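**Student:** quick one: sequence and predicted model below, then my questions.
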Amino acid sequence: MKLYIKNMVCDRCKLAVQAVFSELGHPVLHMQLGEAETATDLTATEKEELERRLTALGFELIGDKTSRLIEQVKTLIIDLVQKQHGELQQNLSDYLSSRVGKDYHVLSSLFSTVEGITIEKFYIAHKIEKVKELLVYDELSLSEIAYRLNYSSVAYLSSQFKKVTGLTPSHFKKIKGQKRKSLNDV
């Protein structure tokens, strides 16, 4: 049985969700951000209990097709920003269309209607949060961060960073991340 789960944004989320399934006696066969697959179906009572436990941890079961599609787009973007450093070899619209199997204009319109924000702004918000994280870690130069997150230049990264946060990256670095948000709040 494949279930779709909202707000899974990292490997720790996967572990937390996996633990809930195990506690209910339904170990997960396959897990990825936003999805969990078990060998057997859950009864209505088990599904209610699963939903209650997931909700307590900040997750949510997704039932309808539209919500699953939106969550899939979000998961792809988060995964792209968090893990696939510098690997986007095509534009975002082509990447999402090919991964989801839907026309980008359909995805874009649906996403904006449901989320109240464009896909591009969602993507930028997550990239800026990743920039903040990397600035706080202080392990990479701004040039290395720009390369890792597919910015065409340090100037463009700095410009976008200031537009979103109101601060330059160097000023942000000085205050050491006091303005960071959790991924759930982006």
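**Tutor:** Received it, and whenever you're ready, just let me know what you need.
**Student:** use CA for all of it now, contacts and neighbours both
**Tutor:** Noted.
**Student:** which stretch of helix or strand covers the residue nearest the centre of the chain?
**Tutor:** Nearest to the geometric centre of the chain sits residue 78, at 2.7 Å (Cα atoms, centre = their mean). Taking DSSP states H and E as the definition, residue 78 sits inside helix 65-83.
**Student:** now that helix: buried residues?
**Tutor:** For helix 65-83, the neighbour count (16 or more other Cα atoms under 10 Å) marks 67-78, 80-82 as buried.
**Student:** pretty sure the residue nearest to the centre of the chain is touching residue 7, no?
**Tutor:** No. Contact status for residue 78 versus residue 7: not in contact, 10.6 Å apart, counting by Cα atoms under 8 Å.
**Student:** could you chop this protein up by domain?
**Tutor:** What the record gives for the chain is the domain set 2-62, 65-117, 122-185, from automatic domain parsing.
**Student:** phi, psi of residue 38?
**Tutor:** In terms of degrees, to the nearest 10, the main-chain angles of residue 38 are phi -110, psi 160.
**Student:** report pLDDT for residue 183.
**Tutor:** If you check residue 183, the pLDDT there is 59.
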